[in-house]
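J.: Mind looking at a prediction? Sequence and model below.
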Amino acid sequence: MSVAAAGARTDDPGSRRLPDGRWHRMEIGFWLLPIAAFFLLPGFLVLGSQILIVALFALSLDLILGYAGIVSLGHAAFFGVGAYSAGLLVTHGWGEPLSGLVLAGAIAALVGYVVSFLVVRGEDLARLMVTLGIGLLLYEAANKAAFMTGGVDGLSGVVMWKLLGVFAFDLGGKVAFAYSLMVLFIVFVLMRRLVNSPFGLSLRGLREGGKRMPAIGSPVRSRQVVIFTIAAGVAGVAGGLLAQTTQFVGLEVFGFPRSAELLIMLVLGGAGRLYGALIGAALFMIAQEVLSGLNPVYWQFWIGLLLVVVVLSARGGVMGAAEALQASLRGKAI
Amino acid sequence: MKVALRTEALSKQWGGFRANSDLNIVLPQGARHALIGPNGAGKTTFINLLTGVFTPTSGKVYLGDQNVTHLPQHQRVKRGMARTFQINTLFPGLTVLESVVLAVCERRGIAGRWMTTVAKQREAVEEAENLLESLRLLEEADALTRNLPYGKQRLVEIALALATRPKILLLDEPGAGIPSAESAELFAVIAALPADVTILLIEHDMELVFRFAEAITVLVGGQVLTEGTPAQIAADERVKEVYLGEARHV
């Protein structure tokens, strides 16, 4: 059936190279990896949850940077808002994970919506500075509001209720990993829809031809506001997940390093491809774990070297290199 | 005579430099109007004022009888004004078809949809393909815009403008930088546009201008030097001096 359908496509408009949202076999294989890890690598699950959460965070940056071409050095602001929202909700007596996560995303989206009006006004450099500034602002605000956030000591006592009323968060991180994976996958599927849609095409239009967009009748500002708000919401969900699964929120969720590392991950993996964000996050976190194990002081040296090599040699990061390889193999086959 | 586009004392000043001063230009519906003038005469500035890229220092722009002076660019497009760019302003990393589909989706008001895929917008895709076919770009539909030869990219410029189904089309040197053999093809496309589309053409190639235009405005130093039929302009001594003469000297 599917073969016949694919065969019929060659003559009609559907055979053109347009985003159609069909799942590739490689994608299914990709998602089997974390499931396999869950069953086969119990010792990996704590780090694994961290990777999944950061991957979700990187996805949110990919929406604005990779797709819409909006640079940001302060994306951690929304991660932090989500983390504190989720954390404070628990310390104020509501420990139900899913509703807490939704609320964390909604609050971060609201903050993102307000901030977006400052961000869409400027050009790249102005955007870098505005987003950087917002990040610093929120960091210090959380620091000052120690009565609420715990300040530099962080917010502890984030004790979650059972997930779905059944699964208690365990020390081995099994529930945290499965929970993070489910959330990541659900958000990923939604984002995958979004980037393959006409709206997603218009985002790529913004990135590729920002000057042309108004000339074809596109309301550029409102598109940017929408995607910035969505990205902030997703970042908030990622922050909320971190708070819920580690049962702690530290000031560093707002920190500049978090925003900067996020950019590195996205560039390593390849921006504007969704999977690049996931691969970049995994690569960065695993490299960090391995390298800091080898030498706890100088591990950033190797990350820096890796970054420079990837940026200079592989356009589009790991995903870009894979695509180039695939294209050249196909070329040889013909 | 129905007026499609009209400016009233339109001026743009940067510091002490008057790029456009007191331009009163009227384009009847269906006009084939050319705007000529030496480099730096303010032709592209005029287009940017018409389309809303710049805000005028003073003066007004009317689409029909509607004052659009303070409307943002995209809303002027929605009201039927489209332009091409002198320097390619395309979507280099999108395929040709994606670019045109995007423009069609924007016009149809469906570019904000996100629960469906681009490939499923059958009507928009079909419309885009028909447009590409009419411009003989269909073979390049799946190529990335940045990989097209320059002459084809100039055609994509026009395709993107036409995808908005303009009532008024502003063409800013559509043939800039392409050899005359290819520009003949390009102007055949322009000549074949529906008669009720109002066209304002900026062009340096005098031969093309005289063949295409029914009326010509000569801009010098941001001001209208004269206006008339091609025959009148060709006979005007001042025009010869500042413009045609200059070309002869080169």
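T.: Here it is on my side, so go on.
J.: is it fair to say residue B:175 lies in a helix?
T.: No. Counting by DSSP: H, G, I helix; E, B strand; the rest coil, residue B:175 is not part of a helix but coil.
J.: Show the model's pLDDT score for the closest residue to it other than its chain neighbours.
T.: Closest residue to residue B:175 apart from its sequence neighbours, by Cβ to Cβ, 6 or more residues apart in numbering or on different chains: residue B:183 at 3.8 Å. All C-beta spots, glycine's among them, are computed from the backbone N, C-alpha and C. Residue B:183 carries a pLDDT value of 81.
J.: Residue B:183 is in contact with residue B:212, isn't it?
T.: No. Distance between residue B:183 and residue B:212: 11.4 Å, which falls outside the contact criterion (Cβ atoms under 8 Å).
J.: The residue nearest to residue B:175 and chain A, how far apart?
T.: Applying Cβ to the nearest Cβ, to the nearest Å, the value for residue B:183 to chain A is 22 Å.
J.: three-state assignment of that residue?
T.: Assigned state for residue B:183: helix (three-state reduction, three-state DSSP).
J.: Which strands or helices does the longest strand along chain B pack on?
T.: Longest strand in chain B, counting residues (DSSP state E): strand B:3-14. Secondary-structure packing of strand B:3-14 (3 or more Cβ pairs under 8 Å, 6 or more residues apart in numbering or on different chains; DSSP states H and E): strand B:17-23, strand B:26-28, helix B:43-51, strand B:58-63, strand B:198-202.
J.: Would you indicate which residues of that strand are buried?
T.: Going by neighbour count (16 or more other Cβ atoms under 10 Å in any protein chain shown), the buried part of strand B:3-14 is B:4, B:5, B:6, B:7, B:8, B:10, B:11, B:12.
J.: Let me see the contact set for residue B:54.
T.: By Cβ atoms under 8 Å, 6 or more residues apart in numbering or on different chains, the residues touching residue B:54 are B:12, B:45, B:48.
J.: check contacts around residue 18.
T.: Going with chain A. Contact analysis of residue A:18 by Cβ under 8 Å, 6+ apart lists B:97, B:98, B:101, B:117, B:118, B:119, B:125.
J.: actually it's chain B I care about, not the one you picked
T.: Residue B:18 sits next to B:11, B:12, B:221, B:222 when contact means Cβ under 8 Å, 6+ apart.
J.: Among the contacts of residue B:54, find me the one that's closest to residue A:127.
T.: Checking these against residue A:127 with Cβ to Cβ, the nearest one is residue B:48 at 23.8 Å.
J.: coming back round to it: take the helices and strands packed on strand B:3-14 and lay them out in TSV including mean pLDDT.
T.: Formatted as TSV, the helices and strands packed on strand B:3-14 follow (pLDDT from 0 to 100):
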stretch	mean pLDDT
strand B:17-23	91
strand B:26-28	94
helix B:43-51	94
strand B:58-63	94
strand B:198-202	94
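J.: neighbours of the closest residue to residue B:215 other than its chain neighbours, just the number please.
T.: Ranked by Cβ to Cβ, 6+ apart and with sequence neighbours excluded, the top spatial neighbour of residue B:215 is residue B:33, at 4.9 Å. Using other Cβ atoms under 10 Å in any protein chain shown, residue B:33 is surrounded by 21 other residues.
J.: and what of residue A:73?
T.: Neighbour count for residue A:73, taken as other Cβ under 10 Å: 20.
J.: Is it part of a helix or strand, or is it coil?
T.: Following three-state DSSP, the label given to residue A:73 is coil.
J.: the helices in chain A, which residues?
T.: Along chain A, counting by DSSP state H, helices occupy A:2-8, A:25-40, A:45-61, A:76-91, A:97-119, A:124-144, A:146-149, A:174-196, A:198-208, A:220-246, A:256-269, A:275-294, A:299-313, A:317-333.
J.: So which of those is nearest residue B:151?
T.: Closest of the helices of chain A to residue B:151 is helix A:198-208, at 20.5 Å (criterion: Cβ to Cβ).
J.: And for stretch B:174-190, what's in contact with it?
T.: Contacts to stretch B:174-190, defined as Cβ under 8 Å, 6+ apart, come from residues B:84, B:86-87, B:134-136, B:150-151, B:154-155, B:157-158, B:171, B:199, B:201, B:203-205, B:208, B:211-212.
J.: now do 7 Å
T.: The contact list for stretch B:174-190, computed with Cβ atoms under 7 Å, 6 or more residues apart in numbering or on different chains, reads B:84, B:86, B:135, B:150-151, B:154-155, B:157-158, B:171, B:203, B:205, B:208, B:212.
J.: Please pick the buried ones from those residues.
T.: B:84, B:86, B:135, B:151, B:154-155, B:157-158, B:171, B:203, B:205, B:208, B:212.
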